[in-house]
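[1] Curious how this folds, go ahead:
(one chain, ligands or ions: 1)
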Amino acid sequence: MKFEIVTIFPDFFRGPLDYGVVRRARQEAAGLIEIVLHDLREFTTDKHRTVDDRPFGGGEGMVLKPEPLFKCVESLGVAPYSERVAGKSRDTVILLSPQGEMFTQDVAQELAGMERIVMICGRYEGVDERVSEALSDREISIGDYVLSGGELGAAVILDAVTRLIPGALGNEASAQQESFTASNLNRRKATPLAAGETSVPDSTCGSGGLLDYPHYTRPAEFNGMAVPDVLMGGNHDQIRKWRRRKALEKTLRNRPDLLEQQELSAEDRKLVAEIRASKRI
Ligand code: SAM
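    Okay, here's the model as predicted:
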């Protein structure tokens with residue numbers, strides 16, 4: 001997988017891409033991802049290397065000009081815009097923007113199937129609209145807040161997508177068991193369960209589309225706080241049920257919207273009723 005990042009601050013990425021999973025995936029031995037940084041100023045033609053200009057119609061701030069952005073992305077040899085928007089290519093060009101579709105684990109999963117991801121980082125008041133109209137095939141936001149530039153968003157996307165590439169994590173099962181990730185036993189309502197199937201993960205470690213359950217490690221007691229007995233007992237069925245209950249509790253408390261997307265089993269529905277009755281949320 002090749003990531004190409006278009007930015008006026010290439011040095012910004014020194015650091016975020018040099019640690020942990022992303023660093024390992026980049027290393028020659030792993031060779032899972034390649035990251036190329038493109039300095040937008042290299043694609044300007046004037047002596048001041050100007051990338052921005054005042055907005056037509058007046059208003060605050062400056063806007064990134066279209067010419068250097070088109071020149072840069074076109075120089076990369078990505079598939080034509082028409083093929084990309086028709087879904088006929090495994091190249092994608094993303095414009096980071098607070099006005100974009102929300103970046104979620106599902107979007108990360110979709111992007112993990114690409115061959116090449118080009119990310120355009122905006123700055124100032126934003127980017128000339130023709131970039132969104134005819135150069136990028138999607139606009140992505142990493143959250144409902146405004147950052148000063150797209151670089152943090154590009155790093156977030158790169159990290160989340162990299163860990164979904166087979167071989168990037170030490171333990172492949174980890175990516176299947178995390179928050180937001182529906183296991184094969186826990187599908188979204190759009191793909192209802194077949195008769196006899198249950199949405200409760202059958203392993204001791206699966207959050208199945210909910211927020212992750214709580215994790216504990218040694219020491220067994222810390223500052224007067226003990227690890228729950230059930231986790232020390234070795235009864236896998238009890239551990240699975242406890243984790244599911246905790247995942248449901250946390251999801252009900254912090255992200256009830258996620259629960260609405262899930263096809264819950266009878267066991268889950270009973271647990272939700274118990275949690276509500278116990279007023280733990
Ligand atoms: N005027 C824009 C608006 O109100 O929607 C905000 C521009 S912002 C200050 C500058 C750049 O930061 C954007 O062009 C975009 O690339 C990036 N950016 C800001 N917030 C973002 C977010 N939530 N997700 C992704 N990119 C973001």
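[2] List the contacts of residue 54.
    When contacts are counted by C-beta atoms under 8 Å, 6 or more residues apart in numbering, residue 54 touches 62-63. The C-beta positions use only the backbone N, C-alpha and C, and glycine is treated the same way.
[3] can you count the residues close to the residue of the stretch 151-281 of the chain found nearest the ligand?
    Residue nearest to the ligand within the stretch 151-281 of the chain (C-beta to the nearest ligand atom): residue 153, separated by 3.7 Å. The number of residues packed near residue 153 is 24, by other C-beta atoms under 10 Å.
[4] for the ligand, what are the nearby residues on the protein?
    96-99, 121-123, 125-127, 141-143, 145-150, 153 (C-beta under 6 Å from any ligand atom).
[5] Sort out for me which of those are in strands.
    Among the residues of the chain next to the ligand, the members found in strands (DSSP state E) are 96-99, 141.
[6] got CSV for those residues, with neighbour count and pLDDT too?
    Formatted as CSV, those follow (neighbours: other C-beta atoms under 10 Å; pLDDT from 0 to 100):
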residue, neighbour count, pLDDT
96, 28, 98
97, 22, 97
98, 17, 97
99, 10, 97
141, 18, 98
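[7] if I look at the residue with the largest distance to the centre of the chain, how far off is residue 62?
    Most distant from the centre of the chain: residue 47, at 38.4 Å, with distances by C-alpha atoms, centre = their mean. As judged by C-beta to C-beta, to the nearest Å, residue 47 and residue 62 stand 18 Å apart.
[8] Next: residue 219.
    Distance check for residue 219 against residue 62: by C-beta to C-beta, it reads 54 Å.
[9] got it, and residue 240?
    For residue 240, the distance to residue 62 (C-beta to C-beta) stands at 55 Å.
[10] likewise residue 246?
    Applying C-beta to C-beta to residue 246 and residue 62 gives a distance of 49 Å.
[11] more crowded one of the two?
    For residue 246 versus residue 62, neighbours defined as other C-beta under 10 Å are more numerous around residue 246 (20 against 15).
[12] and the helix or strand hosting that one, how far out from the chain's middle?
    Assigned by DSSP states H and E, residue 246 falls within helix 236-254. Centre-to-centre, helix 236-254 and its host chain are 23 Å apart (C-alpha atoms, centre = their mean, to the nearest Å).
[13] How about the residue in the stretch 1-150 of the chain positioned nearest to the ligand, nearest residue that isn't a chain neighbour?
    Nearest to the ligand in the stretch 1-150 of the chain, going by C-beta to the nearest ligand atom, is residue 122, at a distance of 2.1 Å. Leaving aside its sequence neighbours, residue 122 sits nearest to residue 150 (C-beta to C-beta, 6 or more residues apart in numbering; 4.8 Å).
[14] so what's the one you found scoring on pLDDT?
    Looking at residue 150, its pLDDT is 98.
[15] now swap in residue 199 and tell me
    49.
[16] Please apply the same query to residue 10.
    98.
[17] same question, the one 3 residues further on
    Model confidence at residue 13, given as pLDDT, is 96.
[18] How are the strands of the stretch 1-150 of the chain distributed by residue range?
    2-7, 34-39, 52-53, 63-64, 91-102, 116-120, 138-141 (DSSP state E, counting those that start in this stretch).
[19] Quick one: mean pLDDT for the fourth one?
    This means strand 63-64. On average, the pLDDT along strand 63-64 is 98.
[20] For it, which outside residues touch it?
    Applying C-beta under 8 Å, 6+ apart, the contact partners of strand 63-64 are 40, 51-55, 122-128, 131.
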